[in-house]
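Undergrad: what's the 3D shape of this:
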Amino acid sequence: MNRTSPTQRMLISCGCYFGICLLYVPLTGNFLAAGQALNIVLAALPLCFALGLCRSRKKPVRALLAALWLLFLPNAFYLLTDLVHMPVLEWRGADGAMRYAHDAAGWVLTLLFGVGAALGAFAGLMSMRICRKELLGGKSRQTVRLCGGAVMLLSGFGVYIGRFLRLNSWDVVNPVRLMHTILSQLDLFALQMTLSFAAAVFLLWLCYDAAAPREE
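TA: Presented below is the predicted three-dimensional model:
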């Protein structure tokens, strides 16, 4: 019997998550989960592009897939910022004791945000590992580290402009407007958030690379 690969299992997990989010909406009337369904699709795209890169041997196609992978990679880590939408399910009562809401729909939504953040991050990390092998195989360790650091910084910046400037990957089709919007918003806060998001990706990468099997 053929066994599914780790990347296939990750995509299946994203598909299951997508279905659960869509099911949550009519059952509860809460449309936040619909946004999560869209976000997990965007988060899975870098992994799809990485798989295509792995299977293609035509240089123009590989170059296009590599560019699309880098462009959409921040979407995988963007779900980490969706945790700000989690409902408030605890408060301190008049007696000083903590109280927790008996709201099943709210707790399920909290789990959806948490699981979505994990799925998105690991899909992105998995795609990074594939692309490292495909694009940097045979390169020096210093080159690999420099390229990896650049990718993490770009991902951090991508998450920043997605969350705070409300720009999307497809806004690249209008580069003049894109650059004007970004340059007009560059400040200390942009730097702080970019470095914070990049640091989060780096820490997640250290954990993933240590735990992942040597061959996928």
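
Undergrad: for the protein, what's the longest helix?
TA: For the chain, the helix with the greatest residue count under DSSP state H is helix 104-136.

Undergrad: which residue packs closest to Met193, ignoring adjacent ones?
TA: Tyr160 (4.5 Å; C-beta to C-beta, 6 or more residues apart in numbering). Glycine gets a C-beta too; all of them are placed from N, C-alpha and C.

Undergrad: and the residue located most distally from the centre of the chain, what pLDDT?
TA: Distance from the C-alpha centroid of the chain peaks at Asp95, with 41.0 Å (C-alpha atoms, centre = their mean). Note on Asp95: pLDDT of 88.

Undergrad: and what of Lys139?
TA: On the pLDDT scale, Lys139 is placed at 90.

Undergrad: A helix includes it, no?
TA: No - read with DSSP: H, G, I helix; E, B strand; the rest coil, Lys139 is coil and lies in no helix.

Undergrad: How many neighbouring residues does the closest residue to it other than its chain neighbours have?
TA: Using C-beta to C-beta, 6+ apart and skipping the chain neighbours, the partner closest in space to Lys139 is Cys147 (7.8 Å). Neighbourhood size, Cys147 [other C-beta atoms under 10 Å]: 15.

Undergrad: other SSEs contacting the helix or strand hosting Cys147?
TA: Element membership for Cys147, per DSSP states H and E: helix 141-163. The elements that helix 141-163 packs onto, with contact taken as 3 or more C-beta pairs under 8 Å, 6 or more residues apart in numbering; DSSP states H and E, are helix 59-78, helix 104-136, helix 188-211.
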